[in-house]
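Student: can you look at this prediction? I've put the sequence above it.
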Amino acid sequence: MPADSDLPNSELAASKPAVSKLPALWPKYLDVLNEEQRQAVLHSGSPLLILAGAGSGKTRVITTKIAWLIEQGADPRSIMAVTFTNKAAKEMSQRARQLEGRAADVMMRTFHSFGAWFLRRNGALAGLNPGFVIYDDEDAMSLLSKIMEGSPKGEVKDAAYKISRAKDYFLSPDDPALAAIDSREKFRKIYAAYEAKLAQIGNLDFGDLIKKPVEILRGQPQVAERFRARFSVIMVDEYQDANVAQFELLKELSGGGGGGYVCVVGDDDQSIYRFRGAEVKNILDFPKLFAGTQVIRLEKNYRSTPSILRAASSVVGNNKGRLGKTLAAERQDGKQPVLAFLASQDEEAAFCADLIQAAVEKGGDWAQWAILYRTNAQSLGFETEFLRRGIPYRVVGSLKFYQREEVKDALALLAFLANPRDEVAFRRVANKPARGIGAATLDKVVAAGEGGDLLEASRLAEASKRARGGLDAFAKVIEDGRRVLEGSGGVGASLPPASSPGEKGGLSVKGGEGLSLCVFRLVKDSGLADYHGAQDEDDGTQRLNNLQELVNAASLYPLNRGGLLDFLESIELDRSAMEGAGEGAASGVSENVVTLITFHNTKGLEFKRVVMTGLEQGTFPREDKSGEELEEERRLFYVGATRAMDELYLCCCATRRRFGSTQGCEPSVFLREIDKSTVRIIGKRPGGFAPAGDFAQGGSFALPAKNTPSQDARDLERLAGWRRGERLFHDDYGYGEVMSVKASEEGPAVQVRFESGQELRFLSEHQGSAITKIRE
DNA sequence: TAATCGATCTTTTTT
DNA sequence: AGATCGATTA
């Protein structure tokens, strides 16, 4: 748990680390570091930029540095370490504590979590509602669609995206630079209206969690002073993913480098969040904006074998906009990376399952394996196959749980309880389950509320008799919930819920602990539990179970307003928070299971064995990415490949189901770019064939002996597995088309013309060759 | 106001 | 293929 007060630690804030005598353990901690790592740990004074390649011991450096600073006398509470993901924050905190127990008091959070923390304490100064609830993208969309009523969904989506980007770039509606995002006056107005509405409701979106703190720090010098005094050390991990607003926040908190000590760590080759505003420029320009910056490069890779590293580097090397690092492998070479051509995505799943099962039979752990894919949707095929074969797995961060309708509904009830001005939440649940409140009535209530308390408004607003009954019922649910929460309602408060907890309806409160009681009460009394429970009956879903999980998760929070806000915040900011919370399994402890994960989510992780799947044009890289976007995809490939310690597998399918129909795929450009000498190519490729004559380099060729000169063309084509006009991909020559199939002394031979214009003759039926058939 | 049936997309990636 | 959306109908 991070320190919870923002009071300055004046007496300690000033204590700058001074290199002096080392306590007993320290030689050990420092000895395991290489020269550059040690320099980075011991560095002090000027701003520091650590350019850390993949697997170069970045986290070790940061955590050791934190421990070192504490050891040197810095107050842990004066140190702030910011990351981008909760997972990274947790790991950093854990590892730092292993080195130095007092690191538990260091503020280690994500940027957004820090922003929320800051705003709860200082937002009131800027007229913000300290009881704000955080809107996710979906909530922001529904708010916007109300503002843009009548516009097609696509336009609303577009506007929502642009507003989000605008905030990433620290642009307000009145900023002239907003034109860089959308120059239309119409957009500026929409953005302004959205901001006004959000302010009136008193809630915040993700972008606000960064942007508002900057505005407060700029507008309220005394607050800025307090924070600069409080934090004398600020460290940022994964700095290549910082957006402009986050950079501004860093500047304000650190006093522009003139105040505390600033240390950022990043790798331009691993910048993969440009699409949401990350600016590699931040890392390139850091030395310019923080005067006197010292740069330390960590270029020794301790994670991967040389051939894995070479494969990864050969691809990312095709990018133009790079600082250019040369990562040196410190490990001995091991198993060559394998490039496998598969016939279909089903074979891909089977291939992965085969690999894993074979390895586990030889005594390996499931947990050594990770399956990587570009989009979350791809996890399904693997899940099905693994389930069938009994391979234990875990899908990381598919964030499905909080996107589920029933969970969003329950959260909306809580959000409305926390903030009765929350129009989005109100509209979502007021008539759920149906209480006879239609769209017209909802509008009436919102209008009557005039941006104020909608609970009050639902009591007072004019409505038809039927709608009146519905509104009263809804209001009662919320009022009861409030009474439970405040515990001050005398009679009503400590009383058991109207429907007693325990059995009925399948939903229960375990021991009636904490906030669970309130969540249970709301979900039950609103009728949501029964409503979704009925759905389960109909189509065998698990909605009630999901609601139960939510109720259980709430038990960790106290039954009061603060607990409610904390609960909602933790859910919005850390969607993985609930993983494993439900099954009662020992949470936290890593289980022995295979990891299914998107490329993006693997950042900062490592696995002994990694399978990169879906390496086809259109899947990875996605669609027609080009220019800077293609470079980002390439970096994503690099991130994925460098997660592997011992073994790396690359899969490319000849066909893939997309939108219902099966389509032929061409191999990813990344496979053309990859250094072929570092990978072993395999593939039970139907119709695959071997290069003939001069091109039959090495390898064991099982040439078909049969050769019947009398065969007609059709037989030959069947024998060869190729027809005239078919398209194919050759690892060395690229795309080509079959011109003819003829008999030869060595068996059926296929004449291929490549895009380059070059024509080559190949023999058919060969294993392990360099050609893939492209299926339409 | 709610339910039902076609038409129309859908898949980025995350805080 | 499946979900989602919107217009049409009860």
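Tutor: Nice, I can see it.
Student: taking the centroid of chain A, which residue is nearest it?
Tutor: A:Asn601 (4.7 Å; CA atoms, centre = their mean).
Student: can you give me phi and psi for that one?
Tutor: phi -70, psi -10 (degrees, to the nearest 10).
Student: and if you look at A:Gly260?
Tutor: Dihedral angles phi and psi of A:Gly260 (degrees, to the nearest 10) take the values phi -80, psi -180.
Student: what do you get for A:Ile134?
Tutor: Torsion angles, degrees, to the nearest 10, at A:Ile134: phi -90, psi 130.
Student: same question for A:Asn129.
Tutor: Dihedral angles of A:Asn129 (phi, psi; degrees, to the nearest 10) stand at phi -80, psi 110.
Student: in chain A, what residue is nearest DNA strand B?
Tutor: A:Gly438 (2.1 Å; CB to the nearest atom of the strand). Glycine gets a C-beta too; all of them are placed from N, C-alpha and C.
Student: can you give me the helices for the stretch 301-450 of chain A?
Tutor: A:306-316, A:345-361, A:379-389, A:405-418, A:423-429, A:439-449 (DSSP state H, counting those that start in this stretch).
Student: pLDDT score assigned to the residue in the stretch 601-750 of chain A positioned nearest to DNA strand C?
Tutor: At 2.7 Å from DNA strand C, A:Gly660 is the closest residue in the stretch 601-750 of chain A, using CB to the nearest atom of the strand. In this prediction, A:Gly660 carries a pLDDT score of 80.
Student: how many other residues sit next to it?
Tutor: Neighbour count of A:Gly660, defined by other CB atoms under 10 Å: 5.
Student: just to revisit the earlier point, now the helices of the stretch 301-450 of chain A as JSON lines including distance to DNA strand C, mean neighbour count and mean pLDDT?
Tutor: Output for these, formatted as JSON lines (distance: least, CB to the nearest atom of the strand, whole Å; neighbours: other CB atoms under 10 Å; pLDDT from 0 to 100):
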{"stretch": "helix A:306-316", "distance to DNA strand C": "31", "mean neighbour count": "24", "mean pLDDT": "95"}
{"stretch": "helix A:345-361", "distance to DNA strand C": "13", "mean neighbour count": "19", "mean pLDDT": "93"}
{"stretch": "helix A:379-389", "distance to DNA strand C": "10", "mean neighbour count": "17", "mean pLDDT": "90"}
{"stretch": "helix A:405-418", "distance to DNA strand C": "8", "mean neighbour count": "23", "mean pLDDT": "90"}
{"stretch": "helix A:423-429", "distance to DNA strand C": "13", "mean neighbour count": "24", "mean pLDDT": "89"}
{"stretch": "helix A:439-449", "distance to DNA strand C": "12", "mean neighbour count": "17", "mean pLDDT": "85"}
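Student: quickly find the element holding the residue lying closest to A:Gly321 once chain neighbours are set aside.
Tutor: Closest residue to A:Gly321 apart from its sequence neighbours, by CB to CB, 6 or more residues apart in numbering: A:Glu631 at 6.4 Å. For A:Glu631, the enclosing helix or strand under DSSP states H and E is helix A:627-641.
Student: report the buried residues of that helix.
Tutor: For helix A:627-641, burial by neighbour count (16 or more other CB atoms under 10 Å) applies to A:Leu630, A:Glu631, A:Glu632, A:Glu633, A:Arg634, A:Arg635, A:Leu636, A:Phe637, A:Tyr638, A:Val639, A:Gly640, A:Ala641.
Student: how about A:Leu30, what does it touch?
Tutor: A:Leu22, A:Arg38, A:Val41, A:Leu42, A:Thr64 (CB atoms under 8 Å, 6 or more residues apart in numbering).
Student: highest neighbour count among the residues you listed?
Tutor: In those, the most neighbours by other CB under 10 Å go to A:Thr64, 26 neighbours.
Student: what is the burial count for A:Tyr273?
Tutor: A:Tyr273 - counted by other CB under 10 Å - has 20 other residues nearby.
Student: thought A:Ala457 was touching A:Gly449?
Tutor: Yes - between A:Ala457 and A:Gly449 there is a contact under CB atoms under 8 Å: 3.4 Å.
Student: need the contact list for the residue nearest to the centre of chain A.
Tutor: Contacts of A:Asn601 by CB under 8 Å, 6+ apart are A:Val396, A:Gly397.
Student: that concludes my questions; thank you for your assistance.
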